[in-house]
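Trainee: Everything below, folded, please.
(one chain, ligands or ions: 1)
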Amino acid sequence: MHTKALLAALLAPAAVSAQLHELAVRAGLQYFGTALREGALNSDAQFAAILRDTREFGQIVPENGQKWESTQPSRGQFTYSQGDITANEAKRNSQFLRCHTLVWHSQLPSWVASGSWTRATLTSVIDTHMANVMGHYKGVCGHWDVVNEAINDDGTWRDSVFYRVFGTDYLPLSFELAKKHDPETKLYYNDYNLEYNQAKTDRAVEIVRIIQAAGAPIDGVGFQGHLIVGSTPSRANLATTLRRFTALGVDVAYTELDIRHSSLPASSQAQVTQGNDFANVVGSCLDVPRCVGVTVWSFTDKYSWVPSTFNGAGDALIYDSQFRKKAAWTSISSVLAAKATGAPPVSSSTSTPAQPTTTLVTRTTSASSTTQPTPTSAPTQPAQVRWGQCGGNGWTGPTTCQSPYTCQVLNPWYSQCL
Ligand code: XIL
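Mentor: Next up, the predicted model:
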């Protein structure tokens, strides 16, 4: 009875708000998290309130504050004012902290990128950087992205200052040094476009092998997950790709997930497709035992790196720019809830929505009435607003939508006004 009530509460309509981390943990992941845009925390109360909701986000990562240009802009001058924003926030809210990032060609001050180095002098520079930055955050970083984006999209090695000086030797060197400066944190290689299982993915597999063959430590591979609506691989293909890495004995995680519309405004159908794409990514993590968690690269379209980076693209996140949950949020919560309750996986098909089941969970009257008072006779529910729930297994709320939106079936548990 207790379990049943718990599950009922978990799936009760109003309880589905703000609980992606809670659902993720129940589904077997370690966390659901978000990047923190440093400038927004103190200037935007709505942003801060959602970020601090630990039922929604159990993990955070600084969007920019720990990068080399932020922490050591001039040689020997270390500054943590930006990086500490996220670290302090994680402590304040008891959120798991991912730390990002140490050895990366981008957002690297020119004194490093354009310096004239030998192996010995550049080793010393990396060692000093890690000694200070990892030392400052020692004991608080659950994961560190040690090396970021070492590969070009065609699978060739990226021509960074690190590669020019060391060849691939900087890979095991960086992980070895990172271990020395923080033996407890989990050490990650992190990159984008690994999701497509092409030449770049092959090379990332090779990176893990190079590090391991050198006897250096590596704990995980981060799939950044900067993806495109309608071009995101299927759940099964994504899981196959993740397993190429877990087969090597490392964890995997989605570390910077966003799924952008190529052009705006996005149609209702495109919103649904985006939701299914998010569900496939999160679902693939659920399907692979060593996939430890999912992090979105900010959660609101109000603060996303996408529009300024990909011309014409945008709306890549799970809340819109006015902090309203999008279909993407609902789809993620559905796929997590399905795993959390042992129910059949949610269909990712838009053309043939899964049939509602009657066997999942019998929601108790009290569970739904505490959160969603329901008239006992002749219900006259007001029409639901845009984005609101309008149907699904056990749903007792409104089933019609305010004009011009229509109630669309996303999966057995959720229909949404889109
Ligand atoms: C991006 C930030 O989101 C932007 O604010 C910044 O201007 C550029 O960097 N891969 C990474 C992230 O590893 O650090 C990048 O973050 C996005 C791509």
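Trainee: Can I get the one helix or strand residue 337 maps to in PDB, CA atoms only?
Mentor: Using DSSP states H and E, the element containing residue 337 is helix 327-340. The C-alpha trace of helix 327-340 is given here as PDB (Å, rounded to 0.1, in the frame of the first residue of the first chain):
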ATOM      1  CA  ALA A 327       6.800  19.400 -24.500                       C
ATOM      2  CA  ALA A 328      10.400  18.400 -24.100                       C
ATOM      3  CA  TRP A 329      10.100  18.600 -20.300                       C
ATOM      4  CA  THR A 330       7.000  16.500 -20.300                       C
ATOM      5  CA  SER A 331       8.600  13.800 -22.600                       C
ATOM      6  CA  ILE A 332      11.600  13.600 -20.400                       C
ATOM      7  CA  SER A 333       9.500  13.200 -17.200                       C
ATOM      8  CA  SER A 334       7.400  10.600 -19.000                       C
ATOM      9  CA  VAL A 335      10.400   8.400 -20.000                       C
ATOM     10  CA  LEU A 336      11.800   8.700 -16.500                       C
ATOM     11  CA  ALA A 337       8.500   7.900 -14.900                       C
ATOM     12  CA  ALA A 338       8.100   4.900 -17.200                       C
ATOM     13  CA  LYS A 339      11.400   3.400 -16.000                       C
ATOM     14  CA  ALA A 340      10.900   4.500 -12.400                       C
END
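Trainee: Next up, the contacts around whichever residue of the stretch 251-400 of the chain sits closest to the ligand.
Mentor: Residue nearest to the ligand within the stretch 251-400 of the chain: residue 305 (3.4 Å; Cβ to the nearest ligand atom). Heads up, the C-betas are built off the backbone N, CA and C, glycines and all. Residue 305 sits next to 63, 297, 298 when contact means Cβ atoms under 8 Å, 6 or more residues apart in numbering.
Trainee: What count of nearby residues applies to the nearest residue to the second one once chain neighbours are set aside?
Mentor: Beyond its immediate neighbours in the sequence, the residue positioned closest to residue 297 (Cβ to Cβ, 6 or more residues apart in numbering) is residue 256, lying 4.1 Å away. Number of residues near residue 256 (other Cβ atoms under 10 Å) recorded here: 24.
Trainee: Hmm, residue 256 is touching residue 295, no?
Mentor: Yes - the pair formed by residue 256 and residue 295 meets the contact definition of Cβ atoms under 8 Å, at 6.5 Å.
Trainee: which neighbours do the two share?
Mentor: By Cβ under 8 Å, 6+ apart, the residues touching both residue 256 and residue 295 are residue 35.
Trainee: Tell me where this structure is predicted with low confidence.
Mentor: 1-18, 343-380, 384-389, 392-396, 409-418 (pLDDT under 70).
Trainee: residues in the stretch 201-350 of the chain within reach of the ligand, list them.
Mentor: Residues of the stretch 201-350 of the chain lying close to the ligand by Cβ under 6 Å from any ligand atom are 224, 256, 305.
Trainee: now the helices: where do they sit in the stretch 251-400 of the chain?
Mentor: Assigned by DSSP state H, counting those that start in this stretch, the stretch 251-400 of the chain shows helices spanning 268-287, 306-309, 327-340, 365-371.
Trainee: Let's have those in CSV, adding mean neighbour count and distance to residue 145.
Mentor: Shown next, in CSV, are these (neighbours: other Cβ atoms under 10 Å; distance: least, Cβ to Cβ, whole Å):
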stretch, mean neighbour count, distance to residue 145
helix 268-287, 24, 17
helix 306-309, 13, 19
helix 327-340, 26, 23
helix 365-371, 16, 39
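Trainee: Which one, of those helices, ends up nearest to residue 115?
Mentor: Closest of these to residue 115 is helix 306-309, at 26.8 Å (criterion: Cβ to Cβ).
Trainee: In PDB, list the C-alpha atoms belonging to that closest one.
Mentor: C-alpha atoms of helix 306-309 as PDB (Å, rounded to 0.1, in the frame of the first residue of the first chain):
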ATOM      1  CA  VAL A 306      22.600  28.200 -29.100                       C
ATOM      2  CA  PRO A 307      21.200  31.300 -30.800                       C
ATOM      3  CA  SER A 308      24.500  33.100 -30.700                       C
ATOM      4  CA  THR A 309      26.400  30.100 -32.000                       C
END
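Trainee: ok now stretch 304-317, how far from the chain's centre?
Mentor: 16 Å (Cα atoms, centre = their mean, to the nearest Å).
Trainee: again, but for stretch 254-261
Mentor: Using Cα atoms, centre = their mean, the offset of stretch 254-261 from its chain centre is 7 Å.
Trainee: likewise stretch 111-129?
Mentor: Worked out by Cα atoms, centre = their mean, stretch 111-129 lies 32 Å from the chain centre.
Trainee: Tell me the buried residues in it?
Mentor: 112, 117, 122, 123, 125, 126, 127, 129 (16 or more other Cβ atoms under 10 Å).
Trainee: out of everything not next to it in sequence, what's closest to the second one?
Mentor: On the basis of Cβ to Cβ, 6+ apart, the spatially nearest residue to residue 117 that is not a chain neighbour turns out to be residue 165, at 5.2 Å.
Trainee: Output the helix or strand hosting that neighbour as PDB, restricted to C-alpha atoms.
Mentor: According to DSSP H and E, residue 165 maps onto helix 161-166. The C-alpha coordinates for helix 161-166 follow below in PDB (Å, rounded to 0.1, in the frame of the first residue of the first chain):
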ATOM      1  CA  VAL A 161      48.500  23.900 -28.800                       C
ATOM      2  CA  PHE A 162      48.400  20.800 -26.700                       C
ATOM      3  CA  TYR A 163      48.400  18.500 -29.800                       C
ATOM      4  CA  ARG A 164      51.100  20.500 -31.600                       C
ATOM      5  CA  VAL A 165      53.500  20.100 -28.600                       C
ATOM      6  CA  PHE A 166      52.700  16.600 -27.500                       C
END
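Trainee: same for it, what does it pack against?
Mentor: When contacts are defined as 3 or more Cβ pairs under 8 Å, 6 or more residues apart in numbering; DSSP states H and E, helix 161-166 sits against helix 119-136, helix 170-181.
Trainee: you'd agree residue 165 is up against residue 120?
Mentor: No - at 9.9 Å, residue 165 does not count as touching residue 120 under the criterion of Cβ under 8 Å.
Trainee: Next, report how far stretch 160-175 is displaced from the centre of its chain.
Mentor: The answer for stretch 160-175 is 27 Å, by Cα atoms, centre = their mean.
Trainee: Give me the residues contacting that stretch.
Mentor: 102-103, 105, 108, 112-115, 117-119, 122-123, 126, 146-147, 150, 157, 187, 189, 207, 210-211, 214-218.
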